[in-house]
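Chemist: Give me a model of this one.
(one chain, ligands or ions: 1)
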Amino acid sequence: MRRDILEVMANKFDFTLRGGLKMPALGLGTYAPKEGDDDVFNAVHTAVKAGYRNLDCAAIYRNERAVGSAIKKLIVEGTIQREDLFITSKLWNTCHRPDLVRASLKKSLDDLGVKYLDLYLIHWPMAYKEGEEFMPLDENGKVIFSDVDYVDTWKALEDCVDEGLVRNIGCSNFSSVQIQRILDVARIRPQANQVECHLHLQQDKLFDFCKKNNIVLIAYSPLGAPGTFGDPKTKSEEYVSCLQEPKVVELAKAKNKTPAQILLRFIIQRGLSAVPKSVKPERVVENFQIFDFELSEEEMELLRALNKDFRLNIETVAVDHKYYTFNDAF
Ligand SMILES: NC(=O)c1ccc[n+]([C@@H]2O[C@H](COP(=O)([O-])OP(=O)(O)OC[C@H]3O[C@@H](n4cnc5c(N)ncnc54)[C@H](OP(=O)(O)O)[C@@H]3O)[C@@H](O)[C@H]2O)c1
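Modeler: Now for the predicted structure:
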């Protein structure tokens with residue numbers, strides 16, 4: 001389907017955030033730990049040419065400069081203007097102390113080569129020891145924590161909105177209990193919570209909570225993150241990934257789509273946002289081709305029934321943290 005028609009169909013799923021800002025439901029994930037800057041540069045360039053207008057970035061991905069170079073090229077070429085893009089970045093755990101927040105945001109802005117972000121998220125509720133190291137370790141190789149309360153971090157994020165450095169702020173990997181603590185004091189309410197969400201971890205309860213509070217739930221690892229987390233459970237012979245689920249494969253064949261397209265369409269049609277990552281140009285394009293078909297109510301039900309509440313990313317290094325997010329039911 002022609003890119004401009006696909007874009008119009010994609011726009012129907014846009015979310016409207018604070019100040020009327022539109023957030024496209026499908027974005028490109030840029031966490032590419034095994035790939036280099038050139039791959040990320042090419043992925044972003046291909047994605048925007050293919051119709052993506054939402055880029056999901058983070059300081060910890062250590063590739064915001066590569067993303068920024070691609071954005072610059074796309075603007076110079078005349079493909080887009082800055083305003084056409086919805087750019088998200090995330091505050092890393094070592095920068096939760098309120099006096100560090102603005103400088104972290106500024107670093108991401110400089111690396112991305114933009115004057116403002118559309119969305120800035122607290123990456124995790126758990127703070128780590130402040131300093132140069134993203135993963136500060138003690139002599140036993142254990143991550144050193146900091147006891148900064150994310151509610152205090154939130155107030156510093158609000159100041160960045162006041163200053164015009166970011167249009168919207170939100171959370172990532174926050175439980176409903178943790179979001180509620182922010183809602184209780186927020187001058188500027190969280191607009192989004194980005195969490196792991198895919199066929200096997202459908203997050204119904206958290207999704208309901210977010211909907212009630214006008215918070216967009218952004219699904220990370222929406223394809224079930226093949227190869228990303230290396231969870232031992234996924235290495236066993238019996239493990240069936242989201243992309244290999246027989247019913248998904250069957251549905252894909254019947255609809256002349258790929259399993260990845262079925263998984264992404266399922267999430268978007270449920271009313272969430274999703275940020276699949278690929279550095280392979282053909283897959284980047286494939287993952288955007290999900291607006292030219294629909295899943296029927298029966299097909300949605302069939303996919304809903306495949307939920308297993310199976311979490312891949314449990315952030316084992318922080319299980320002892322006082323704000324460890326997965327202690328809450330949802
Ligand atoms: N907030 C957080 O804490 C957090 C945590 C994790 C991720 N994220 C965000 O979410 C994004 C996506 O998550 P993710 O990378 O963990 O998982 P994902 O998007 O579910 O899966 C990415 C994997 O799927 C492969 N893939 C992509 N398209 C495919 C297709 N059409 N068919 C088959 N395989 C395909 C990719 O390989 P190739 O690249 O080789 O195609 C890559 O190995 C990240 O990039 C990041 O932006 C956020």
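
Chemist: Please list the residues of the stretch 151-300 of the chain that sit near the ligand.
Modeler: 172-173, 194, 220-228, 243, 258, 260, 275-280, 283, 286-287 (CB under 6 Å from any ligand atom). Every residue, glycine included, has its C-beta placed from N, CA and C.

Chemist: Now, those residues that are in helices?
Modeler: A260, R283, E286, N287 (DSSP state H).

Chemist: ok so, going back, just the buried ones out of the residues of the stretch 151-300 of the chain next to the ligand, please.
Modeler: 172-173, 194, 220-225, 228, 243, 258, 260, 275-279, 283, 286-287 (16 or more other CB atoms under 10 Å).

Chemist: quick one, phi psi at the residue of the chain found nearest the ligand?
Modeler: Distances between the chain and the ligand by CB to the nearest ligand atom are smallest at G29, namely 2.4 Å. Backbone torsions of G29, given as degrees, to the nearest 10, read phi -80, psi 140.

Chemist: Spit out the contact partners of it.
Modeler: D56, Y220, V275, P276, K277 (CB atoms under 8 Å, 6 or more residues apart in numbering).

Chemist: mind checking pLDDT for the second one?
Modeler: The one in question is Y220. With respect to pLDDT, Y220 scores 98.

Chemist: shouldn't it be in contact with L201?
Modeler: No - the criterion here is CB atoms under 8 Å, and Y220 misses it with L201 at 10.5 Å.

Chemist: Now do the helix or strand E298 falls within: everything it contacts.
Modeler: Using DSSP states H and E, E298 sits within helix 297-304. Outside helix 297-304, the residues that touch it by CB under 8 Å, 6+ apart are L199, Q202, K247, V248, L251, I262, F266, Q269, R270, L295.

Chemist: neighbours of the nearest residue to the first one once chain neighbours are set aside, just the number please.
Modeler: Leaving aside its sequence neighbours, L199 sits nearest to C242 (CB to CB, 6 or more residues apart in numbering; 4.3 Å). Taking other CB atoms under 10 Å as the neighbour definition, C242 ends up with a count of 26.

Chemist: ditto for the one 4 residues further on
Modeler: P246 sits with 9 neighbouring residues when counted by other CB under 10 Å.

Chemist: For it, which residues are in contact?
Modeler: V240.

Chemist: run the last query once more with 10 Å
Modeler: Neighbouring residues of P246 by CB atoms under 10 Å, 6 or more residues apart in numbering: V240, L306.

Chemist: cool, the one 3 residues further on as well?
Modeler: Under the criterion of CB under 10 Å, 6+ apart, the neighbours of V249 are L243, T258, P259, I262.

Chemist: pLDDT for those residues - can I get that in TSV?
Modeler: Output for those, formatted as TSV (pLDDT from 0 to 100):
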residue	pLDDT
L243	97
T258	98
P259	98
I262	98
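
Chemist: returning to that earlier point: out of the ones in helices among the residues of the stretch 151-300 of the chain next to the ligand, flag the one nearest to A329.
Modeler: A329 has its nearest neighbour among those in A260, at 30.2 Å by CB to CB.

Chemist: now the strands: where do they sit in this structure?
Modeler: Per DSSP state E, the chain carries strands over the ranges 15-16, 22-23, 28-29, 54-56, 86-91, 117-122, 166-172, 192-196, 216-220, 273-274.

Chemist: returning to that earlier point: can you tell me which residues contact the nearest residue in space to the residue of the chain closest to the ligand that is not next to it in sequence?
Modeler: Nearest non-adjacent residue to G29, counting by CB to CB, 6+ apart: K277, 3.2 Å away. K277 is in contact with 27-32, 35, 40, 43, 56, 61, 220-223, 225, 228, 283-284, 287, counting by CB under 10 Å, 6+ apart.

Chemist: same thing with L112?
Modeler: 55, 57, 64-72, 85, 87, 89.

Chemist: List the contacts of the nearest residue to it once chain neighbours are set aside.
Modeler: Distances taken as CB to CB, 6+ apart put G68 closest to L112, at 4.2 Å, once the chain neighbours are dropped. Taking CB under 10 Å, 6+ apart, we find G68 in contact with F41, V44, C57, I87, S108, L109, D110, D111, L112, G113, V114.

Chemist: filter the residues you listed to the buried ones?
Modeler: F41, V44, C57, I87, S108, L109, D111, L112, G113, V114.

Chemist: Please report how far A47 lies from L100.
Modeler: 31 Å (CB to CB, to the nearest Å).

Chemist: Of those two, give the one with the bigger neighbour count.
Modeler: A47 (26 against 18).

Chemist: In helices, which of the contacts of G68 fall?
Modeler: F41, V44, S108, L109, D110, D111, L112.

Chemist: export these to CSV and tack on pLDDT and distance to V148?
Modeler: Converted to CSV, those look like this (pLDDT from 0 to 100; distance: CB to CB, whole Å):
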residue, pLDDT, distance to V148
F41, 98, 34
V44, 98, 32
S108, 98, 19
L109, 98, 22
D110, 98, 24
D111, 98, 23
L112, 98, 25
